[in-house]
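okay, structure incoming, though there's no sequence with it:
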């Protein structure tokens with residue numbers, strides 16, 4: 001089986017070898033094509049077990065896109081390469097044992113008030129997305145429990161804080177409590193058809209409605225990327241922040257290498273879809289999903 005080093009060697013790309021200051025065991029480090037091309041700093045690391053790609057300076061990146069930029073090969077070719085070199089356990093872990101957190105129950109007054117304040121109908125959210133409430137439970141206190149379905153069954157979960165100013169807005173299931181890793185699937189995909197609108201988080205999906213999906217964060221994995229390519233029509237709609245928009249453009253470019261049509265949409269109102277003008281979101285939905 002080929003290794004990351006093989007594709008870099010073939011393209012003549014320099015990378016840090018064993019014993020180098022910037023070489024970590026289990027990682028291949030090279031110059032970051034985004035912030036350090038030709039610098040010799042080797043700040044971009046690619047994990048040889050999970051194929052995760054992270055720059056010590058500018059953050060996470062899509063691995064296939066990074067390899068494409070480094071080697072000059074098409075993104076599609078690098079996606080196929082990664083599918084071959086990623087250990088099976090890292091791509092799609094064998095079905096694990098799902099464990100749900102304690103303290104779940106019907107939405108409490110605080111949860112319902114939070115949802116209404118964000119423009120959501122609590123009863124509709126329960127019916128469509130199966131959410132529950134968590135009250136005074138230590139680590140997950142005052143959060144909305146969000147089950148993540150895959151193939152009609154709950155595969156894993158995340159929990160969104162309703163406390164204003166909470167630093168950790170989302171807390172997700174520990175790896176040992178997931179049937180399928182949350183970063184191996186797309187939230188909302190069970191409702192998606194030929195077209196989908198790709199968001200960052202579950203609340204953006206709720207705002208758009210059935211048919212939208214979320215990567216649960218701006219960073220996406222090779223598994224999630226491959227799932228996106230299965231949709232003939234893909235609409236990337238990330239938050240309005242500079243960082244999120246940069247990642248949206250990166251994702252759109254990568255998806256464009258595959259059959260189908262990709263759009264990159266930035267809403268004019270609100271910092272994200274969940275805070276945007278409902279009329280603008282309705283127009284987005286009408287254009288692509290209805």
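Yes, it's here. Quick caveat, the model's predicted, so the values are computed rather than measured. Numbering: from 1, shown residues only.

against residue 240, how distant is residue 247?
Using CB to CB, to the nearest Å, we find residue 247 at a distance of 12 Å from residue 240. All C-beta atoms are positioned from the backbone trio N, CA, C, and that covers glycine.

out of the two, which sits in the busier spot?
The residue with more neighbours, out of residue 247 and residue 240, is residue 247; 24 against 17, by other CB atoms under 10 Å.

quick one: residues contacting that one.
218, 219, 238 (CB atoms under 8 Å, 6 or more residues apart in numbering).

correct me, but residue 250 touches residue 61?
Yes. With contact defined as CB atoms under 8 Å, residue 250 reaches residue 61; the gap is 7.3 Å.

now list the buried members of the contacts of residue 247.
Burial by neighbour count, judged by 16 or more other CB atoms under 10 Å, picks out 218, 219, 238 from those.

between those, which sits nearest residue 8?
For those, the closest approach to residue 8 (CB to CB) belongs to residue 219, at 22.0 Å.

mind listing the strands for the stretch 101-250 of the chain?
Along the stretch 101-250 of the chain, counting by DSSP state E, counting those that start in this stretch, strands occupy 104-105, 132-134, 143-150, 153-161, 170-172, 195-199, 212-214, 233-236.

list the buried residues for the fifth one?
So that's strand 170-172. By 16+ other CB under 10 Å, the buried positions in strand 170-172 come out as 170, 171, 172.

so what's the residue lying closest to the last one once chain neighbours are set aside up against?
Okay, so that is residue 172. Nearest non-adjacent residue to residue 172, counting by CB to CB, 6 or more residues apart in numbering: residue 158, 4.1 Å away. Applying CB under 8 Å, 6+ apart to residue 158 gives the contacts 146, 148, 170, 171, 172, 173, 182, 202, 216.

from memory the fifth one sits against residue 155, does it?
So the one you mean is residue 172. No. At 11.6 Å, residue 172 and residue 155 do not qualify as touching, with contact defined as CB under 8 Å.

which residues do these two both contact?
Both residue 172 and residue 155 are contacted by residue 182, under the criterion CB under 8 Å, 6+ apart.

that older thread, okay if I get the buried ones among the contacts of residue 247 as TSV plus pLDDT and distance to residue 43?
Converted to TSV, those look like this (pLDDT from 0 to 100; distance: CB to CB, whole Å):
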residue	pLDDT	distance to residue 43
218	75	19
219	83	17
238	93	24
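
now, which of these sits nearest residue 193?
Distance to residue 193 across the buried ones among the contacts of residue 247 (CB to CB) is lowest for residue 238, with 21.2 Å.
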